[in-house]
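Asker: show me the folded form of this:
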Amino acid sequence: MRHSIIRGVAAAGALALAAGTLAACTSPADDDGKLVAFGPQGDNGSLKDNAFTQLLEEKFDIDFDWQTTTYDGSVAGEKRQVSLASGDYPDAYFLVPWVDAFSRSEVLKYGQQGVLVPLEDLIDEYAPNLKARFEEKPDWEQSVTAPDGHIYAITQWTECFHCSYPSKLWVNTTWLDKLGLEQPTTTEELREMLRAFKNDDPNGNGKADEVALSASSGEPVINYFMNAFTYAPYGSPSSPPPLVLDGGEVALTATSDGWREGLKYISSLADEGLIDTASFTQNGESLRALGDNAEAEILGAAAVLHPYEITTQDSPDGRDTHYDAVPPVKGPDGTQLATYRSPISSLGMFALTNKSTEEERIQAIKAIDFLVTDEGDRLGAMGPEGEAWVEAEPGDVALDPELEPTFKPLTYDETSNSSWRSMGQYWDSLEFRNSQVFPEEIYTPAGYERRLLEATNLYEPYAPDENVVFPSEKLWPNPDTSAEIAELQTNIATYITQAQAEFVTGQRDINDDGAWQAYIDDLNGLGVERYLELQQELYEAL
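Answerer: A predicted model of the protein is given here:
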């Protein structure tokens, strides 16, 4: 697999000075011909000495002068913001989506202030590969083009197939075999399986220590189950409230009858102790500690993206091979869906500032143009041939057997300083990923990507209708309403997350009409109607 799966008083003070300071910084700085670049640096070596940095310097006559930060998102994000607020910002930003990338609001703000320079003319003249990628994936070009017609930042296009259906259920099939059970196909069969996991001592140690099902707060356990009642949009702790489209109208599905029925079912599982209530609060490390429990194998199932989230690979007792994906189960009315995640990212990874010279802009955009080629992606995000990958050989089988195999990823040395890793990963199409060579033995670390593909093949048939999926990742903020939307979104999403956990764990009675109405009234009091109105405006502006 690819090794890539605002706070602080000082920052606040600096940001308060931003508007005046930025206006004063409108000309290229005297940087002695060096491209002053901001980027995160790992503990495996410096960006200055990085082999891929040196390759770009030679290939495009670039002399990088790095301003570095760490991969700690809070630290990196604060340093990036302080650089902008103080006016001491670089010629270019090379960022990582999950560390310190620009939000849509920031891209638009700094672009319209003139701090980030438009890239479309540079792309037209000096980035033929990127232009071709935009033509190949028009949704990508649309997503990076601001409402004023300019492209101020380049985002990542990643068609990670197994990431496209993130809310999967991984079940301990050795326990199924021991108990003589089949994989569940309906919500009631799933209940019976979890009862057996909890009560029938599948680990055989004579103790009632089994945890039938668990998850982590970072991946909502609700989504897998909810899809048997109504569509559950992709979500995370930092995501917007669960929005869907209903005949072209933006709707909050968390107040629908189907959502309530889903909560009733999930709550009934929790009442029997079939869902670990720590799923709503524990982090990923705690979940894996449960799966790796030293005394006995105690975890029956987990709702997560992939099984290495719940067990360490190459576990001494082989338990990492015990979990297989169960397709979406069918609900009482026949609903059977899978949460879908778009390949579009709204986070800006690369941007040029008004400090850069014309020559530096040309050099930098040529580097990005190289990174969106298959060769550039291999070298930039993975590493050199022979170290990170080798060319396919006769007899090799691509991840998708219908594709011609291209290259074989190798086990990567995490101490190597040969690539930019996530900072260099702009292009990751389905064809690029699925033409790679992986072993056909899926229960080994080397064959893991194939295991994930086979699991995801079970989910793809249950993708939601595109007319239901709300394209939040495509929306651009309206500067006049963005602050209002942000406040409404935070308040509404936080309340929904808290209330759902309380309904499931019994702190609120999901079967009580009064309790449900109070929940809806509270949401209305938080401004749901206004929030939906503003989201509708942004959607119609696409």
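Asker: which residue sits farthest out from the middle of the chain?
Answerer: What lies farthest from the middle of the chain is G206; by Cα atoms, centre = their mean that is 40.3 Å.
Asker: quick check: pLDDT value at that residue.
Answerer: Note for G206: predicted pLDDT of 97.
Asker: what's near enough to touch it?
Answerer: Listed by Cβ atoms under 8 Å, 6 or more residues apart in numbering, the contact set of G206 is empty. C-betas here are computed from N, CA, C, even on glycine.
Asker: just say helix, strand or coil for it.
Answerer: Recorded secondary structure, G206: coil (DSSP: H, G, I helix; E, B strand; the rest coil).
Asker: what are the phi and psi angles of it?
Answerer: Torsion angles at G206 (phi, psi; degrees, to the nearest 10) stand at phi 80, psi 10.
Asker: I298 versus that one, what's the distance?
Answerer: For G206, the distance to I298 (Cβ to Cβ, to the nearest Å) stands at 13 Å.
Asker: helices along the stretch 1-150 of the chain, start to end?
Answerer: Using DSSP state H, counting those that start in this stretch, the helices of the stretch 1-150 of the chain run over residues 9-16, 18-24, 51-60, 73-86, 104-112, 120-126, 128-136, 138-144.
Asker: typo on my end, it should be the stretch 301-450 of the chain
Answerer: Remark: helices assigned in the stretch 301-450 of the chain by DSSP H, counting those that start in this stretch are 358-371, 374-377, 430-434, 448-457.
Asker: could you list the buried residues of the shortest one?
Answerer: Within helix 374-377, the residues that count as buried by 16 or more other Cβ atoms under 10 Å are G376, D377.
Asker: which helices and strands sit right next to that helix?
Answerer: Counting contacts by 3 or more Cβ pairs under 8 Å, 6 or more residues apart in numbering; DSSP states H and E, helix 374-377 packs against strand 427-428.
Asker: now do 10 Å
Answerer: If contacts are counted by 3 or more Cβ pairs under 10 Å, 6 or more residues apart in numbering; DSSP states H and E, helix 374-377 sits against helix 51-60, helix 128-136, helix 358-371, strand 427-428, helix 430-434.
Asker: what's the closest non-adjacent residue to A446?
Answerer: Once flanking residues are discounted, A446 sits nearest to P439: 4.9 Å by Cβ to Cβ, 6 or more residues apart in numbering.
Asker: next one: phi and psi at that neighbour?
Answerer: Per degrees, to the nearest 10, the backbone of P439 is at phi -60, psi 150.
Asker: which residues touch it?
Answerer: P439 makes contact with D396, V397, K408, P445, A446, G447, Y448, E449, R450, according to Cβ atoms under 10 Å, 6 or more residues apart in numbering.
Asker: picking up where we left off before, got the helices and strands packed on helix 374-377 as TSV, with mean pLDDT, mean neighbour count and distance to M349 columns?
Answerer: Output for the helices and strands packed on helix 374-377, formatted as TSV (pLDDT from 0 to 100; neighbours: other Cβ atoms under 10 Å; distance: least, Cβ to Cβ, whole Å):
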stretch	mean pLDDT	mean neighbour count	distance to M349
helix 51-60	98	17	15
helix 128-136	98	17	13
helix 358-371	98	21	9
strand 427-428	94	22	11
helix 430-434	95	17	17
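Asker: could you give the mean pLDDT of stretch 106-113?
Answerer: For stretch 106-113, mean pLDDT is 96.
Asker: likewise stretch 243-260?
Answerer: Throughout stretch 243-260, pLDDT has a mean value of 98.
Asker: end-to-end on that stretch?
Answerer: Stretch 243-260 has an end-to-end distance of 15 Å (Cα to Cα, to the nearest Å).
Asker: if we can go back for a sec, quick one, which of the contacts of P439 are buried?
Answerer: The neighbour count (16+ other Cβ under 10 Å) marks D396, K408, G447, Y448, E449, R450 as buried among the contacts of P439.
Asker: quick one: residues contacting the last one.
Answerer: Read it as R450. If you count contacts by Cβ under 10 Å, 6+ apart, R450 has them with 397-400, 436-444.
Asker: can you list the weak-confidence ranges in the protein?
Answerer: Counting by pLDDT under 70, the chain shows low-confidence ranges at 1-31, 236-238.
Asker: compute the inter-axis angle for the biggest helix by length in it and helix 104-112.
Answerer: Of all segments of type helix in the chain, defined using DSSP state H, the longest is helix 482-505. Interaxial angle of helix 482-505 relative to helix 104-112 (axes from the mean of the first three to the mean of the last three Cα atoms, to 10 degrees): 170 degrees.
Asker: packing partners for the helix or strand just after helix 482-505?
Answerer: Where DSSP states H and E defines the elements, the next helix or strand beyond helix 482-505 is helix 513-525. On a contact count with 3+ Cβ pairs under 10 Å, 6+ apart, helix 513-525 meets helix 257-271, helix 482-505, helix 528-540.
Asker: skipping its backbone neighbours, what lies nearest D400 in space?
Answerer: Spatial nearest neighbour of D400, excluding adjacent residues (Cβ to Cβ, 6+ apart): N434 at 3.8 Å.
Asker: list the contacts for the one you found?
Answerer: N434 makes contact with E159, F161, A398, L399, D400, P401, E402, L403, P405, T406, E449, L453, according to Cβ under 10 Å, 6+ apart.
Asker: could the helices of the stretch 1-150 of the chain go into a markdown table alongside distance to L526?
Answerer: A markdown table is the format used below for the helices of the stretch 1-150 of the chain (distance: least, Cβ to Cβ, whole Å):
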| stretch | distance to L526 |
| --- | --- |
| helix 9-16 | 25 |
| helix 18-24 | 29 |
| helix 51-60 | 47 |
| helix 73-86 | 27 |
| helix 104-112 | 21 |
| helix 120-126 | 39 |
| helix 128-136 | 39 |
| helix 138-144 | 29 |
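Asker: what's the closest of these to Q536?
Answerer: Relative to Q536, the nearest member of the helices of the stretch 1-150 of the chain by Cβ to Cβ is helix 104-112, separated by 17.4 Å.
Asker: now do the same end-to-end measure for stretch 444-452.
Answerer: Its first and final residues considered, stretch 444-452 spans 12 Å by Cα to Cα.
Asker: ok, so of the contacts of R450, who is nearest A76?
Answerer: Within the contacts of R450, distances to A76 taken as Cβ to Cβ reach their minimum at Q436, with 29.6 Å.
Asker: list the contacts of the closest one.
Answerer: So Q436 contacts 2, 378, 382, 389, 392, 396, 398-400, 403, 405-409, 449-450 (Cβ under 10 Å, 6+ apart).
Asker: so what's D413 up against?
Answerer: Applying Cβ under 10 Å, 6+ apart to D413 gives the contacts N44, G383, E387, A388.
Asker: distance check, it against G386.
Answerer: Taking Cβ to Cβ, one finds D413 at 12 Å from G386.
Asker: now swap in E537 and tell me
Answerer: E537 sits 53 Å away from G386, going by Cβ to Cβ.
Asker: just L352 next, same as before
Answerer: Distance from L352 to G386, by Cβ to Cβ: 34 Å.
Asker: ok, now W157?
Answerer: Taking Cβ to Cβ, one finds W157 at 27 Å from G386.
Asker: of those two, who's got more company?
Answerer: Set W157 next to G386 and count neighbours by other Cβ atoms under 10 Å: W157 wins out with 23 against 9.
Asker: surely that one touches S346?
Answerer: No - with contact defined as Cβ atoms under 10 Å, W157 does not count as touching S346 (11.9 Å).
Asker: okay, and the common contacts of those two?
Answerer: Shared contacts of W157 and S346, defined by Cβ under 10 Å, 6+ apart, comprise S143, V144.
Asker: so for stretch 223-243, what gets flagged as buried?
Answerer: Within stretch 223-243, the residues that count as buried by 16+ other Cβ under 10 Å are 223-235, 240-243.
Asker: what's near enough to touch N129?
Answerer: Shown in contact with N129 (Cβ under 10 Å, 6+ apart): I123, K366, I368, D369, F370, L371, V372, T373, D374, E375, G376, W427.
Asker: dump these into JSON lines; add distance to G218 as well.
Answerer: Formatted as JSON lines, the contacts of N129 follow (distance: Cβ to Cβ, whole Å):
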{"residue": "I123", "distance to G218": "35"}
{"residue": "K366", "distance to G218": "38"}
{"residue": "I368", "distance to G218": "30"}
{"residue": "D369", "distance to G218": "35"}
{"residue": "F370", "distance to G218": "34"}
{"residue": "L371", "distance to G218": "29"}
{"residue": "V372", "distance to G218": "30"}
{"residue": "T373", "distance to G218": "33"}
{"residue": "D374", "distance to G218": "32"}
{"residue": "E375", "distance to G218": "34"}
{"residue": "G376", "distance to G218": "31"}
{"residue": "W427", "distance to G218": "26"}
